[in-house]
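In: 3D model of this:
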Amino acid sequence: MVAGHCVTCSDEGLAGQVLRVAADEAVVRLESGCAAGDGELTVGMALVAAQPGDWVLVHAGEAIAVLPGPPADSWP
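Out: Got it, this is the predicted structure:
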């Protein structure tokens, strides 16, 4: 990683809280608010087992890790 970006695609890994899970997808509210509209984004969940309320790391439209909690500098 260089300055928080993936060296292969320059996409950031962003923290988000899982709102809803359905099959292999989830609706996540991104911590950065960079998603269009209200900051909610549908992401793939094939790599993680997360439940509503969990925090995940999202990269390239896929949740890639479950985080232990919200980032220290997250929004309320």
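In: Report the contact partners of residue 52.
Out: 18, 19, 20, 21 (Cβ atoms under 8 Å, 6 or more residues apart in numbering). The C-beta positions use only the backbone N, C-alpha and C, and glycine is treated the same way.
In: I'd like to know which of those is nearest to residue 40.
Out: Among those, residue 19 lies closest to residue 40 (Cβ to Cβ), at 6.8 Å.
In: The residue nearest the centre of the chain pairs with what?
Out: In the chain, the centroid-proximal residue (Cα atoms, centre = their mean) is residue 58; its distance is 3.2 Å. Counting by DSSP bridges, residue 58 is bridged to residue 14, residue 63.
In: List the residues that contact it.
Out: Going by Cβ under 8 Å, 6+ apart, residue 58 touches 13, 14, 15, 16, 28, 30, 41, 43, 64.
In: CSV for the residues you listed, including neighbour count and distance to residue 51?
Out: Below are these laid out as CSV (neighbours: other Cβ atoms under 10 Å; distance: Cβ to Cβ, whole Å):
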residue, neighbour count, distance to residue 51
13, 15, 20
14, 20, 19
15, 19, 16
16, 29, 14
28, 27, 12
30, 18, 18
41, 19, 17
43, 25, 14
64, 15, 16
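In: any idea how far residue 40 is from residue 15?
Out: 14 Å (Cβ to Cβ, to the nearest Å).
In: tell me, what's touching these two both at once?
Out: Common contacts of residue 15 and residue 40, defined by Cβ under 8 Å, 6+ apart, comprise residue 30.
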